[in-house]
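Peer 1: Sequence plus predicted model, see below.
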Amino acid sequence: MKVLLLCLILFISISAYALDKDICGTQDERIPSNISFIGRTLKEINSHHGCTVTLISNSCAISAGHCSPVLNIVEFNVPRSNADTIEHPSLEDIYEIDQSSIVTSRGLGKDFAVFKLRPNSLTNKLPGVMQGFAEISYSKIKRGLRISITGYGASAIAERSYAQQYSEGKVKRIKYSKTIISHRADSAAGSSGSAIISRSSNKIIGIHTRSGCGDLYRANRGTLIYRNTNLIEAIKACTDGDL
């Protein structure tokens, strides 16, 4: 009976790990990066991890809708982590999110957050002025397109864990009717909200929201921008007059 119970616990543990796995090959191919307009969002300054945010104008940014609980502060130019905890940038690189501006949605293919950031408390400047921002693509894309995602995901290497890392892969499938994009770029917990960026245009085509490379899907998944009416409306409402 004890052997049966032990086997059952082991099976559950392995299954849970497999379902949570985001690495799309035999090894983690993410590399440390420092793209200025991609930040880490936290619930509070002493949080251990959060989600990923990408600037799309001087004050507007996007992330995943399920990241709503941590959409309070955003850090840019984040240092490497240490063995015990994450590190934080200087105060000049930390911004508060305007809570009244947040527009969110949930569900596969509908998972997004669009919001504005307030000027920095020390410099009184908007984040996009200091960090730059990425452009949005509203165009149709094709399977096989090479893409990148840059996020603040967990890692087995302490200094990389919840610090910025870059990965590339290809679009595996697209469900236009459900605005779902599947890709093979490596990610991990904390990468949610990362912009999916076309390598050919360097424009944002989607938002990374879910794992999948470790399960039957064999691909990570996200929210496609093309034909996603609610997301497009939220982006344009936020950025109108702000570019």
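Peer 2: Right, received. Where do you want to start?

Peer 1: When you work out contacts or count neighbours from here on, use the C-alpha atoms and nothing else.
Peer 2: Fine.

Peer 1: mind giving me the domain ranges of the chain?
Peer 2: Domain assignment for the chain, taken from automatic domain parsing, gives 26-31+136-227, 36-134+230-239.

Peer 1: Please enumerate the strands of this structure.
Peer 2: Along the chain, counting by DSSP state E, strands occupy 31-32, 38-42, 51-55, 60-63, 73-75, 94-96, 103-105, 112-116, 146-151, 165-175, 180-183, 195-198, 204-210, 220-224.

Peer 1: returning to what we had before: mind putting the domains of the chain into JSON lines with mean pLDDT and mean neighbour count?
Peer 2: Below are the domains of the chain laid out as JSON lines (pLDDT from 0 to 100; neighbours: other CA atoms under 10 Å):
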{"stretch": "domain 26-31+136-227", "mean pLDDT": "95", "mean neighbour count": "21"}
{"stretch": "domain 36-134+230-239", "mean pLDDT": "97", "mean neighbour count": "20"}
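
Peer 1: OK, contacts around the most centrally placed residue in the chain?
Peer 2: Compute the mean C-alpha point of the chain, and by CA atoms, centre = their mean the closest residue is Ser194, 2.1 Å away. Listed by CA atoms under 8 Å, 6 or more residues apart in numbering, the contact partners of Ser194 are 51-54, 63-64, 149-151, 207-209.

Peer 1: measure it to Ser148 for me?
Peer 2: Ser194 is 9 Å from Ser148, where distance means CA to CA, to the nearest Å.

Peer 1: Cool, thanks, signing off.
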